[in-house]
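Q: Next come a sequence and a model predicted from it.
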Amino acid sequence: MDEDQLLARAGGPVTRSRIARELRALGVAEGDVVMFHTRLSAIGWVPGGPQTVIEALLDVVGASGTLMTYCGWHEAPPYEWTTWPPEWQEAVRAEQPAFDPARSVSDHDVGRLPEALRLWPGARRSRHPDVSFAAVGALARELTDDHPWDDPHGPGTPLARLVDHGGRVLLLGAPLDTITLLHHAEALAEAPGKRFVDYEQPILVDGRRVWRRFRDIDSADGAFDYSGVVPADEWPFTVIARELLAAGFGVRGAVGAADCHLFDAADVTRFGVEWIERSLGG
C-alpha cells in the first residue's frame, strides 16, 4: 500500500500525539504493563514509523509503566535440521552462531516493532533463543530475567509474569490470532493430547557457544488438535479471542485507521485455559 493510500485510510498522518491520544481513549493508562502486537501498515502513514509508535506508547504508560513484545529469533536453525543429511547437520553444528540476546535479530514475521523495541535504550531481552521477549520500562528486568529454558510459555516465564503484574495485551492493528499470551493458556491447560516439541539450538554459556536441547508445547502447529472444535480455515486463537470478546472481556477501538483491542492479561489466560479444557475434554 503506497503513502497516498495510507494517508487516505487514516485521514492524514498518524502522528505521535495522535497515537497517544487514541491509545488513552482505548484505555491504555499511565503505569500499565502492556504486551503489544502491531501491524504498522494497518495504522496508516506514521511519520517516523516504529520509533514514533514506541514513543507514543511510552508517552502513555509513562516512567512507571512497561512495554513488552515477543521477539523470537530470525536466524534460528529450523526444528527439522537434525533430520538433514549428516554433512549438512555437521555444517550447522559447527558454524551456526549462538543466540545472543544483545545481537540476534528478532523474527521478521512478527513485524518491525519488536526489533525496534529490542534496540531501544534500556531494553531488556529474555535469554530463550526460540521464545525471547523484549521489554522497556520499570518492570523490564522483572519480566525478562531468568526465562526458563524448558516450558518457555509456562509458569515463571515473561508471559506468566505479565499476568502476575496485572499486565494487559494490546492489539494495535494486529489480528486476533496474534495473541501470544494464549500459548501461555495452552501451556497451563490440562487437556488430553497436548503436543510438545524437542529441538536443539545454540546458546552462550560463559561466553562459549553450547548446543542445548529444549522442550516446549508445539506453538507452531498448535499445542492441541483443535479439529472438530474450530473451523478448518481458522487458527484456534482467532476463535478463542472472538468468544473472549463476546463474553464481555476486552475493549475495541481505533488508533489511526487500525482496528485495535485491549485485554487484561489475566482474563485472556483464565478464559483461554477454561475454553481449552471445556472444548477438548480436560
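A: Arrived safely, thanks for sending.
Q: which SS state does D198 fall under?
A: Secondary structure state of D198, per DSSP: H, G, I helix; E, B strand; the rest coil, is strand.
Q: residues touching the nearest residue to it once chain neighbours are set aside, list them.
A: Of all residues beyond its chain neighbours, the one nearest D198 is R215 (5.2 Å), with distances taken as Cβ to Cβ, 6 or more residues apart in numbering. Where you see a C-beta, it was placed from the backbone N, CA and C, and this is true even at glycine. Listed by Cβ atoms under 8 Å, 6 or more residues apart in numbering, the contact partners of R215 are D150, D151, F196, V197, D198.
Q: So R215 belongs to a strand, correct?
A: Yes - the assignment for R215 is a strand, going by three-state DSSP.
Q: Helices of the stretch 1-150 of the chain, residue ranges please.
A: For the stretch 1-150 of the chain, helices defined by DSSP state H, counting those that start in this stretch occupy the ranges 3-10, 16-26, 40-43, 50-61, 86-95, 113-118, 140-144.
Q: who wins for proximity to L244 among the ones you listed?
A: helix 16-26 (16.5 Å; Cβ to Cβ).
Q: In terms of secondary structure, what does that closest one contact?
A: Applying 3 or more Cβ pairs under 8 Å, 6 or more residues apart in numbering; DSSP states H and E, we find helix 16-26 packed against helix 50-61, strand 251-255.
Q: can you do 10 Å?
A: Counting contacts by 3 or more Cβ pairs under 10 Å, 6 or more residues apart in numbering; DSSP states H and E, helix 16-26 packs against helix 40-43, helix 50-61, strand 168-172, strand 251-255, strand 258-264.
Q: okay if I get those as JSON lines plus mean pLDDT, mean neighbour count and distance to P101?
A: What follows is the helices and strands packed on helix 16-26, written out as JSON lines (pLDDT from 0 to 100; neighbours: other Cβ atoms under 10 Å; distance: least, Cβ to Cβ, whole Å):
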{"stretch": "helix 40-43", "mean pLDDT": "94", "mean neighbour count": "22", "distance to P101": "24"}
{"stretch": "helix 50-61", "mean pLDDT": "98", "mean neighbour count": "21", "distance to P101": "19"}
{"stretch": "strand 168-172", "mean pLDDT": "98", "mean neighbour count": "26", "distance to P101": "23"}
{"stretch": "strand 251-255", "mean pLDDT": "97", "mean neighbour count": "16", "distance to P101": "30"}
{"stretch": "strand 258-264", "mean pLDDT": "98", "mean neighbour count": "21", "distance to P101": "27"}
